[in-house]
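1. Generate a structure from the sequence data that follows.
(2 chains)
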Number of protein chains: 2
Amino acid sequence: MDEASVKALTFDVFGTVVDWRSSLIREGEALARAKGITHVDWAAFADAWRGLYQPMLERVRSGERPWTKLDDLHRQSLDRLLGDFRIGGLSEEEVDHLNRAWHRLDPWPDAVAGLTRLKVRYILATLSNGNVALIVNMAKRAGLPWDAVLGAEVAQRYKPQPEAYLRTAELLGLKPAECLMVAAHSGDLVAAAGCGFRTAFVPRPTEHGPRQATATKPERAFDVTAADFVDLARQLGC
Amino acid sequence: MDEASVKALTFDVFGTVVDWRSSLIREGEALARAKGITHVDWAAFADAWRGLYQPMLERVRSGERPWTKLDDLHRQSLDRLLGDFRIGGLSEEEVDHLNRAWHRLDPWPDAVAGLTRLKVRYILATLSNGNVALIVNMAKRAGLPWDAVLGAEVAQRYKPQPEAYLRTAELLGLKPAECLMVAAHSGDLVAAAGCGFRTAFVPRPTEHGPRQATATKPERAFDVTAADFVDLARQLGC
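-> Sure, this is the predicted structure:
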């Protein structure tokens, strides 16, 4: 890869920048303490919530339902899971607060330090399926120094549909080959590469918990493979 | 105005955050030195370029032409002005560089300091007619700490059309009344207020040059009137 030709780094967020699973568990446990809920396994709850993510997105991608932002898809999943896990007695405000746990996800320990170094040389944009408000609120809380929040909502298409990647590059005024997609998920990078993006794989071996068995290695060769965001900054000369 | 209800500040950019006129003169004079151009009054050139701005936008707003991003409108105006001002002998690369002078506008002296203070408490989003790449590149060069770059291009509508304001609030996940529009131009604020936004007027008495006679005072009462961005931060308790 010709590093000098890369102008922007575009980031997957859930799993790649932030640790959604630990954060959702933390939020669930805080709610449980506040409400005296003792019967819920919040790790199982977090996995179930994330497990409904791709099926929900697929209904939008397939055209079965019109464009719906991720906050609203999360809420529909949450309403179902509150029943499945027999969690009752929450006010609308409490359910909305729990749904916005996705706005309060914590970054991986290397994320802010790596991004801060990368930001000196590159435009840093999100290319997430998260809606703009979710990503902006998350960044504000966590100190993630994005130059632009783009991706699915401004394209009205969910990854891995090509429009999500191509619209992001277009809004940045860049050719796809001037954008380096950074993700912990091979499928995301394969889709980005199909649109002409450069690709960087950063493994997140505990995204799915301490006993995660799969998806910590790249499924094929990408332009860059880095141990974490600080290593990515080092490899890109930042 | 109930300050606690405001979650985001949305900013007009040209004239309000950056001094387009002095910056375009600087860019023109740099080009003139490099190319040995001696017959051009670059202040007149800057005023003429900006003078074509509203007529160009109006053709898009009226539907006479389809959505066209501001970089492309600027370029069409520039091509015309290069003829009007008898500026010849520029390569395509040189013309493109001059067109991107709009990506290299300098902020008013108080802008970065004020925004940096405001950012601690509020979401800071651009609500400009400038396209995303223009605003992102400007911010990168000038150190403008935006949380989100929104406005005309993501709405596909130019201010003062309501959709530009409403789409920006929607993408931030906020009600219009939770957004405070900041501008040096009464018309922009009147349009924002019409959409339910709060309004803050910041005069920029030399936007149109040292002999500017008009538009330095608010044309009507707005929620806030501040001397500059540092004063705005002070008034908002930052």
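2. Which residue ranges of chain A form helices?
-> Taking DSSP state H, the helices of chain A run over residues A:20-35, A:42-51, A:53-61, A:70-84, A:92-99, A:111-121, A:132-142, A:152-155, A:162-171, A:186-194, A:229-235.
3. so which of those helices comes closest to B:Phe222?
-> Smallest distance to B:Phe222 across these (CB to CB): 25.1 Å, for helix A:132-142. Using the backbone N, CA and C atoms, a C-beta is placed for each residue, glycine as well.
4. For that closest one, buried residues please.
-> Residues of helix A:132-142 classed as buried by neighbour count (16 or more other CB atoms under 10 Å in any protein chain shown): A:Val132, A:Ala133, A:Leu134, A:Ile135, A:Val136, A:Asn137, A:Met138, A:Ala139, A:Lys140, A:Ala142.
5. Check which helices and strands it sits against.
-> For helix A:132-142, the elements it packs on are helix A:70-84, strand A:148-151, strand B:123-128, strand B:148-151, judged by 3 or more CB pairs under 8 Å, 6 or more residues apart in numbering or on different chains; DSSP states H and E.
6. what angle separates it from helix A:20-35?
-> 80 degrees (axes from the mean of the first three to the mean of the last three CA atoms, to 10 degrees).
7. who in chain A is up against chain B?
-> By CB under 8 Å from any CB of the partner chain, the residues of chain A that approach chain B are A:71, A:123, A:125, A:131-134, A:136-137, A:139-140, A:146-150, A:153-154, A:171-174.
8. could you redo the last one with a cut-off of 10 Å?
-> A:7-8, A:69, A:71, A:100, A:103, A:119-120, A:122-125, A:131-137, A:139-140, A:145-150, A:153-154, A:167-174 (CB under 10 Å from any CB of the partner chain).
9. Is there a quick PyMOL command that grabs whichever of these are buried?
-> To isolate the buried members of these in PyMOL, using 16+ other CB under 10 Å:
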select buried, chain A and resi 7+8+69+71+100+103+119+122+123+124+125+131+132+133+134+135+136+137+139+140+146+147+148+149+150+153+154+167+168+169+170+171+172+173+174
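10. low pLDDT regions in chain A?
-> Applying pLDDT under 70 to chain A flags residues A:213-215.
11. Identify the residues contacting A:Ala169.
-> A:7-8, A:10, A:125, A:127, A:150, A:175-179, A:181, A:192, A:195-197, B:133 (CB atoms under 10 Å, 6 or more residues apart in numbering or on different chains).
12. mind saving the C-alpha coords of stretch A:61-80 as PDB?
-> Taking Å, rounded to 0.1, in the frame of the first residue of the first chain, the C-alpha atoms of stretch A:61-80 are listed here in PDB:
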ATOM      1  CA  ARG A  61     -30.900  -4.100   3.600                       C
ATOM      2  CA  SER A  62     -33.300  -6.500   1.900                       C
ATOM      3  CA  GLY A  63     -35.900  -3.800   1.500                       C
ATOM      4  CA  GLU A  64     -38.500  -5.600   3.700                       C
ATOM      5  CA  ARG A  65     -38.700  -2.500   5.700                       C
ATOM      6  CA  PRO A  66     -37.800   1.100   5.000                       C
ATOM      7  CA  TRP A  67     -34.700   2.900   6.300                       C
ATOM      8  CA  THR A  68     -34.700   2.800  10.100                       C
ATOM      9  CA  LYS A  69     -31.900   4.200  12.200                       C
ATOM     10  CA  LEU A  70     -30.000   1.900  14.500                       C
ATOM     11  CA  ASP A  71     -31.300   3.500  17.700                       C
ATOM     12  CA  ASP A  72     -34.800   2.400  16.600                       C
ATOM     13  CA  LEU A  73     -33.700  -1.100  15.600                       C
ATOM     14  CA  HIS A  74     -31.900  -1.400  19.000                       C
ATOM     15  CA  ARG A  75     -35.100  -0.300  20.700                       C
ATOM     16  CA  GLN A  76     -37.200  -2.900  19.000                       C
ATOM     17  CA  SER A  77     -34.700  -5.600  19.900                       C
ATOM     18  CA  LEU A  78     -34.600  -4.300  23.500                       C
ATOM     19  CA  ASP A  79     -38.400  -4.400  23.900                       C
ATOM     20  CA  ARG A  80     -38.400  -8.000  22.800                       C
END
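13. Out of the buried residues of helix A:132-142, which is nearest to A:Leu236?
-> A:Ala139 (20.9 Å).
14. hmm, back to that, pick the one among the buried residues of helix A:132-142 closest to chain B.
-> Using CB to the nearest CB, A:Ala133 comes nearest to chain B of the buried residues of helix A:132-142, at 2.9 Å.
15. Just give me the neighbour total for A:Asp19.
-> 20 (other CB atoms under 10 Å in any protein chain shown).
16. who's in contact with it?
-> A:Asp19 neighbours (CB under 10 Å, 6+ apart): A:Ile25, A:Arg26, A:Leu105, A:Asp106, A:Pro107, A:Trp108, A:Pro109, A:Ala111, A:Arg204, A:Thr206, A:Glu207.
17. Which members of the contacts of A:Ala169 occur in strands, if any?
-> A:Ala8, A:Thr10, A:Ala125, A:Leu127, A:Leu150, A:Cys179, A:Met181 (DSSP state E).
18. between those residues, which is nearest A:Ala48?
-> Using CB to CB, the ones in strands among the contacts of A:Ala169 come closest to A:Ala48 at A:Leu127, 26.1 Å.
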